[in-house]
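Participant: Sequence and predicted structure, then a few things I'm wondering about:
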Amino acid sequence: MALGNFLTETYISLRKMENKALEKLNKGQIQFGMEQFNPIKVSIGQFYGIEINDFAVTVAKTALWIAESQMMKETEEILHLNLNFLPLKSYTNIIEDNALRIDWNEVVPKEELDYIMGNPPFIGASNMNKEQKEQLYDVFDSMKRCGELDYVFCWYKKACDYMEKTRIESAFVATNSICQGEQVNIFWKPLFEKNIKINFAYKSFIWDNEASQKAQVHCVIVGFSYVQKNKKQLYSNNRLKIVKNINAFLIDAQDIFIDSFTRPLSNVTKMIRGSSPCDNGNYSFTEDEMKEFVQRNPNLKKFIKKYIGSREFINQIPRYCIWLYNEDVSEFRYSTDLRKRIENVVNFRKSSKKEKTRELAYSPLIWEANRYNGKEFILIPRVSSEKRKYIPIGFINGNTIANDSVQLIPNATLYDFGILTSNIHNAWTRIVAGRLKSDFRYSNLVYNSFIWPTPTKQQKEKIEKTAQGILDARNLYPNSSLADLYDELTMPPKLRKAHQENDKAVMEAYSFNWRTMTESDCVAELMKMYEKITTSAKEEN
C-alpha cells in the first residue's frame, strides 16, 4: 500500500505542475488541429517500484491507472481537447520481488533514473528474524558491527551502492534511531567518507498508522546523494531552515561523528552502571513483601537495604533487597525463608546458557556485579521518556543499592548535578543518545563524549547555587514523584524557574549567549569542542 501511495502522490504532484504550465501556455484558448499532439510529458511509465507483496503490487498499479485517468481529465479541461482519442499507452513498471535480493539495475538502469524514495520496514536490530539478519549481512557484506544496525539501513546501503557515480537523489522515511546513538558511527561514517551527503532532512516527527489501535512511530526523512549542494533544507516541526550543512545527527553542524570512549574526555568522575543481582527477583521485595518477610524473620531486618532502579526512582516506588555481603553467615543460615530464596538463585544461575552465570551458582550470596560502596551518588536512569525536557536525575543516599537499570556518578557534587541536569547536557543527550523505542537510552556514549565547561570560581559557585535551587524546588512537593514533577504539561512553575536559572548559569560557564542561542546552536558548539579535543588527543598519540 505504501509503495502505491509514494508513486501515486509523486505522479499526481508532477502532473499538477505540468497542468499549471499547460494552463499558462494555453491561456484558455480552444485548440484546433491538435488531435495527434500529445502535450503530456509526465507518464506513469516513468515510475518504477519494487514490492514484495503481490496484493500491494496490484493496488499500486491500480492506483497509478486511476491517478492517470484523473489527471488526464484535468488536462482535457485545460486544453479543451478530448485526449481519450490520443494513442497513449499506460505502462506500470512495478516489479514483485525482494528489494534486498534483486539488482535494482534490472528494474531500471541507474543511468536512466533521477530519484529514489520509499519507507522501508521499521524493524530494530534486536527484532529481526533469521532471514532478515541474513539479508542484512548480505547487503553489508558482513561489514564490521553491521549486526547492530536496524533493518531499514539495508535500503539505504542498497541505494548508496546503486547511486554511485550518478546524480541520483534518494530519500527514505525511517525510524529516528538511524540518526541517533552508535548506529550513526557504524553506518553513516563510512558513507560520508565515500562522499555521500545529506542534502535535506525532516527531523523527528510522529507518524500514526491507520489501524484502530494506533501505534505511534517516531520517524525522520533523510535525503541523500553523492551530489553536494550549497544550500540544504532542514525541516523541523513543519518549519524549513536553509542551512550550509546537515550532519548525520540531522543538525546544522560540521560532519562530526561521536566515538565511544572508556573514560570521559573531560576531567570528571567516571560513570558506572548499577549493581546486577542475577537473582530472578529472589533477593528483592516490594514494600509489602518486605514487611511480611521481616514480620516472619525480625532478626533478618539488618540484612535488608533500600533498592532502587529507574522505575522506582522516577515513580517514587519503595523497593528493598537482601544484602548478604560480608555478613556473619551464622545469623541467617537457619532461616527457612532465606534459604529458599538462596536455593532459587542457585537453580536460576545453573539453568543459564552463560558459563559465567553458571559459575556464579556456586557463590549465590555474591551478585553478578557489585558497585555498592556505601557513599552518596548521583543516579541517572538508563532509559527515560523523550517527552521530558530534563531527564530526572538526583542524589541517592549511600545506604541504597542501585540496580543496573541506572547509571551512577559516585562522589558527585552539586556542581556535577547542575551540569548534568542542565538543558545543555540534555540537548547533547537528545542528539547523541540511542533510543529504546522513542525513549532516551543514556549510556557512556553520551556521558564520556560530553565536553564539560571550564568555569571561573564565580561561575562554578553560581551553578552550585542554581543546582541547589532545583533540589529545593523539588522538596516543595514531597508527595509528587519525579514523573509528576517532570511532566512538561504539569511541571510546577517554581521547579521550571529553578531549571531555567540553572540553564542560564551553565550556558554562561560555556560562554554561550542564553538570550540568542538555540538548542541546536549549543549542540553545534559542543561538537566543535568535541572535535577540537579529540583531534588534539589523536595528534598527541
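Facilitator: Noted; the coordinates are in hand.

Participant: Could you report the pLDDT at residue 416?
Facilitator: If you check residue 416, the pLDDT there is 98.

Participant: And the strands in the stretch 251-400 of the chain?
Facilitator: With DSSP state E, counting those that start in this stretch as the criterion, the stretch 251-400 of the chain has strands at 272-273, 284-286, 304-308, 319-322, 377-381, 383-384, 394-396, 400-402.

Participant: Residue 460: which of these is closest?
Facilitator: Among the strands of the stretch 251-400 of the chain, the nearest to residue 460 by C-beta to C-beta is strand 377-381 (16.7 Å). Any C-beta I mention is one placed from the backbone N, CA and C, and that applies to glycine too.

Participant: that older thread, would you mind giving the strands of the stretch 251-400 of the chain as JSON lines with mean neighbour count added?
Facilitator: Shown next, in JSON lines, are these (neighbours: other C-beta atoms under 10 Å):
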{"stretch": "strand 272-273", "mean neighbour count": "16"}
{"stretch": "strand 284-286", "mean neighbour count": "17"}
{"stretch": "strand 304-308", "mean neighbour count": "19"}
{"stretch": "strand 319-322", "mean neighbour count": "23"}
{"stretch": "strand 377-381", "mean neighbour count": "24"}
{"stretch": "strand 383-384", "mean neighbour count": "22"}
{"stretch": "strand 394-396", "mean neighbour count": "17"}
{"stretch": "strand 400-402", "mean neighbour count": "23"}
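
Participant: Between those, which has the poorest mean confidence score?
Facilitator: Of all those, the minimum mean pLDDT falls on strand 383-384 (a mean of 92).

Participant: what packs against the host helix or strand of residue 528?
Facilitator: Take DSSP states H and E as the rule and residue 528 turns out to sit in helix 519-540. On a contact count with 3 or more C-beta pairs under 8 Å, 6 or more residues apart in numbering; DSSP states H and E, helix 519-540 meets helix 423-432.

Participant: measure the residue lying closest to residue 521 once chain neighbours are set aside to residue 470 for me?
Facilitator: Nearest residue to residue 521 in three dimensions, chain neighbours excluded: residue 512, at 7.9 Å (C-beta to C-beta, 6 or more residues apart in numbering). To residue 470, residue 512 is 19 Å away according to C-beta to C-beta, to the nearest Å.

Participant: Name the residue in these two with the higher neighbour count.
Facilitator: residue 470 (23 against 19; other C-beta atoms under 10 Å).

Participant: wait, isn't residue 445 in contact with residue 180?
Facilitator: No - applying C-beta atoms under 8 Å, one finds residue 445 not in contact with residue 180, separated by 10.1 Å.

Participant: which neighbours do these two share?
Facilitator: 432-434 (C-beta atoms under 8 Å, 6 or more residues apart in numbering).

Participant: Tell me the one among the residues you listed nearest to residue 384.
Facilitator: residue 433 (9.4 Å).

Participant: Surely the closest one and residue 444 touch.
Facilitator: No - with contact defined as C-beta under 8 Å, residue 433 and residue 444 do not form a contacting pair (10.8 Å).

Participant: Give me the more crowded residue out of these two.
Facilitator: Per other C-beta under 10 Å, whichever of residue 433 and residue 444 has more neighbours is residue 433, with 24 against 17.

Participant: what separates that one from residue 112, distance-wise?
Facilitator: Distance from residue 433 to residue 112, by C-beta to C-beta: 42 Å.

Participant: give me every residue that touches residue 451.
Facilitator: For residue 451, the contact set (C-beta under 8 Å, 6+ apart) comprises 265-266, 526, 529-530, 533.

Participant: Please apply the same query to residue 122.
Facilitator: Contacts of residue 122 by C-beta under 8 Å, 6+ apart are 150-152, 174-175, 217, 219.

Participant: rerun at 7 Å
Facilitator: By C-beta atoms under 7 Å, 6 or more residues apart in numbering, residue 122 lies in contact with 152, 175, 217.

Participant: quick one on the thing from earlier: take the helix holding residue 528, keep the C-alpha atoms, and write them as CSV.
Facilitator: What follows is helix 519-540 as a C-alpha-only set of coordinates in CSV (Å, rounded to 0.1, in the frame of the first residue of the first chain):
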residue,chain,number,x,y,z
GLU,A,519,19.4,24.2,21.4
SER,A,520,20.8,23.2,18.0
ASP,A,521,23.3,26.1,18.2
CYS,A,522,24.5,24.8,21.5
VAL,A,523,25.0,21.3,20.3
ALA,A,524,26.8,22.5,17.2
GLU,A,525,29.3,24.4,19.5
LEU,A,526,29.7,21.3,21.7
MET,A,527,30.5,19.3,18.6
LYS,A,528,33.2,21.8,17.7
MET,A,529,34.6,21.5,21.2
TYR,A,530,34.5,17.7,20.9
GLU,A,531,36.3,17.8,17.5
LYS,A,532,39.0,20.0,18.9
ILE,A,533,39.7,17.8,21.9
THR,A,534,39.6,14.5,20.1
THR,A,535,41.8,15.9,17.2
SER,A,536,44.3,17.2,19.7
ALA,A,537,44.4,13.8,21.5
LYS,A,538,45.0,12.0,18.2
GLU,A,539,47.8,14.3,17.3
GLU,A,540,49.5,13.7,20.7
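
Participant: Find the residue closest to residue 155 in space, skipping its chain neighbours.
Facilitator: residue 120 (4.0 Å).

Participant: can you count the residues close to that neighbour?
Facilitator: 20.

Participant: Just the pLDDT at it, thanks.
Facilitator: pLDDT, read off for residue 120, is 91.

Participant: Contacts for the helix or strand of the chain with the lowest mean pLDDT, please.
Facilitator: Least confident helix or strand of the chain, by mean pLDDT, DSSP states H and E, is strand 434-436 with a mean of 78. With contacts defined as C-beta under 7 Å, 6+ apart, strand 434-436 is touched by 176-177, 180-182, 383, 441, 443.

Participant: How about stretch 246-258?
Facilitator: 179, 184-185, 188-189, 192, 198, 201, 203, 220, 232, 234, 243, 245, 431-432, 445, 449, 520, 523-524, 527-528, 530-531.

Participant: Tell me the buried residues within these.
Facilitator: 179, 184-185, 188, 192, 198, 201, 203, 220, 232, 234, 243, 245, 431-432, 445, 449, 520, 523-524, 527, 530-531 (16 or more other C-beta atoms under 10 Å).

Participant: re earlier: quick one, which of the strands of the stretch 251-400 of the chain gets closest to residue 94.
Facilitator: Nearest to residue 94, of all these, is strand 383-384, at 41.2 Å by C-beta to C-beta.

Participant: So what touches the closest one?
Facilitator: With C-beta under 7 Å, 6+ apart, strand 383-384 has contacts from 310, 391-392, 436, 439-442.

Participant: List the buried residues for stretch 244-251?
Facilitator: So stretch 244-251, judged by 16+ other C-beta under 10 Å, has buried residues 245-251.

Participant: One more: stretch 119-135?
Facilitator: Quick answer for stretch 119-135 (16+ other C-beta under 10 Å): 119-120, 122-123, 125, 128, 132, 135.

Participant: next one: stretch 385-404
Facilitator: In stretch 385-404, counting by 16+ other C-beta under 10 Å, buried: 385-386, 388-396, 400-404.

Participant: send the alpha carbons of that stretch over as CSV?
Facilitator: Presented in CSV, the C-alpha positions along stretch 385-404 are these (Å, rounded to 0.1, in the frame of the first residue of the first chain):
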residue,chain,number,x,y,z
SER,A,385,10.8,9.3,28.3
GLU,A,386,11.7,11.5,25.3
LYS,A,387,8.7,13.7,26.2
ARG,A,388,10.6,15.2,29.1
LYS,A,389,12.8,18.3,28.6
TYR,A,390,15.0,17.2,31.5
ILE,A,391,16.0,13.7,32.3
PRO,A,392,15.2,13.3,36.0
ILE,A,393,18.4,12.7,37.9
GLY,A,394,19.1,13.0,41.6
PHE,A,395,21.3,12.3,44.7
ILE,A,396,20.8,9.0,46.4
ASN,A,397,21.6,8.0,50.0
GLY,A,398,24.7,5.9,50.2
ASN,A,399,22.9,3.1,52.1
THR,A,400,20.8,2.4,49.0
ILE,A,401,21.6,-0.3,46.4
ALA,A,402,21.1,0.8,42.8
ASN,A,403,20.4,-1.9,40.2
ASP,A,404,21.7,-2.0,36.6
